[in-house]
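Visitor: Below: sequence and its predicted model.
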Amino acid sequence: MASRPPTSSNTRGTKKTRRGGADCNTARIGFIGAGKIATSIITGLVSQRGQVDPKRIYVSAPTTINTDSFKVTYPGIHISKRNIDIFGRFDCDIVFICCPPNVIRNLYKIGGSRPAALTTNFIPNMRHPVYIFSLVFGFTTEQIKECLLNPENPERYTAKFFRCVISHPIAFGVGHWWIDIEPDSANFPNIVREIFTRISLIEYAPESLLDTICIIAGSNITFCYYFINAIADGAVKKGMPRKLAVKFAAKVASSASQTVLTTGTNATQLKEDASSPSGGAIYGQMILDKSEVASGICGAIEASYKRSQTLAMTGKTENTE
């Protein structure tokens, strides 16, 4: 990566000029938005597995609802209420756009034919590569670009944009990251690969599927926790201590998932293989069918998708359903 020449005082004069190219041990990582997914990524980064000093992490958010706790939990982390600081004063190398979709939709409403800038003013012409990852549901990378790059001279930017979905377990070093580019290709930034493979498995997914994956990996993981808790409830009802019941339920769910992934066998077939004639499993499944559990899960997925779509399309945060 090329060295960074000094920058002019009128664009980024409040920050120190860094000499030499950034690497996985020096890269500055920025977040626009301080919600749950940003919190999960930051937690994973500063964990023992992530090995990132909080002093290398920069967050912008309009309120201090979450950022006040960041200062306590991650001493040295940098906080601002100005999105422009992520690119200007803080001079980040890797940036995650983690704001809710209604924020981007409102920019389009304000801007008219073009959206207003997410950063108040368009980001400065960075003289070094900056890698921007959008986690915003319902918006393409081209739409995110329009909210950040000055349309008068877009060719002067060295920013590279990607769209992705990151699962919340990244906080614990076991997350998944789906991105619209092959992670092993030369077009995927090596600096990002080196940092984030410590705490997540990075996989390719076409952009056309990322909205659906966002729901599966985001909202639906809460359904998995719900199901694990329901299994634990059943065990507690039969006399097992709660802590032990949750542990067993989680292990059963984990082994079932690993079996599907390892064998590649359809889950329906595996279900049949594990059910003995006139055994307890088939009797239990009949109760699940009678309770329409499968339909309920499908309905929950549809409701989650519809709500996210409403936020992305209307820009409203209140419940409109």
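Guide: Right, received. Where do you want to start?
Visitor: Same question for the host helix or strand of D211: list its buried residues.
Guide: Using DSSP states H and E, D211 sits in helix 210-217. Neighbour-count burial for helix 210-217, with 16 or more other Cβ atoms under 10 Å as criterion, is recorded at 210-211, 213-217. For glycine as for every other residue, the C-beta is placed from the backbone atoms N, C-alpha and C.
Visitor: helices and strands around the helix or strand following that helix, which ones?
Guide: Using DSSP H and E, the next helix or strand after helix 210-217 towards the C-terminus is helix 219-237. If you count contacts as 3 or more Cβ pairs under 8 Å, 6 or more residues apart in numbering; DSSP states H and E, helix 219-237 packs onto helix 242-263, helix 293-314.
Visitor: In JSON lines: these, plus mean pLDDT and distance to S134.
Guide: Shown next, in JSON lines, are the helices and strands packed on helix 219-237 (pLDDT from 0 to 100; distance: least, Cβ to Cβ, whole Å):
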{"stretch": "helix 242-263", "mean pLDDT": "93", "distance to S134": "27"}
{"stretch": "helix 293-314", "mean pLDDT": "87", "distance to S134": "12"}
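Visitor: between these, which one is nearest to I104?
Guide: Comparing the helices and strands packed on helix 219-237 against I104 with Cβ to Cβ, the closest turns out to be helix 293-314 (7.6 Å).
Visitor: from the chain's centre, how far out does stretch 284-303 sit?
Guide: 27 Å (Cα atoms, centre = their mean, to the nearest Å).
Visitor: elements contacting the longest strand anywhere in the chain?
Guide: Assignment by DSSP state E gives strand 159-166 as the longest strand of the chain. Applying 3+ Cβ pairs under 8 Å, 6+ apart, one finds that strand 159-166 contacts helix 36-46, strand 130-134, helix 141-146, strand 175-179, helix 210-217.
Visitor: Show me the one of those that comes nearest S60.
Guide: Of all the helices and strands packed on strand 159-166, helix 36-46 sits nearest to S60, with 10.1 Å by Cβ to Cβ.
Visitor: buried ones in the closest one?
Guide: Buried, per 16+ other Cβ under 10 Å, within helix 36-46: 37-46.
Visitor: following that helix, which helix or strand comes up?
Guide: strand 57-60.
Visitor: For that following strand, the averaged confidence score.
Guide: Averaging pLDDT along strand 57-60 yields 97.
Visitor: Convert the C-alpha atoms of whichever helix or strand comes after it to PDB, please.
Guide: Next helix or strand after strand 57-60 toward the C-terminus (DSSP H and E): helix 67-73. Only the C-alpha atoms of helix 67-73 are listed here, as PDB (Å, rounded to 0.1, in the frame of the first residue of the first chain):
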ATOM      1  CA  THR A  67     -21.300   5.500  23.100                       C
ATOM      2  CA  ASP A  68     -21.200   6.500  26.800                       C
ATOM      3  CA  SER A  69     -21.000   2.800  27.700                       C
ATOM      4  CA  PHE A  70     -18.300   2.300  25.000                       C
ATOM      5  CA  LYS A  71     -16.000   4.800  26.800                       C
ATOM      6  CA  VAL A  72     -16.300   2.700  30.000                       C
ATOM      7  CA  THR A  73     -16.100  -0.800  28.400                       C
END
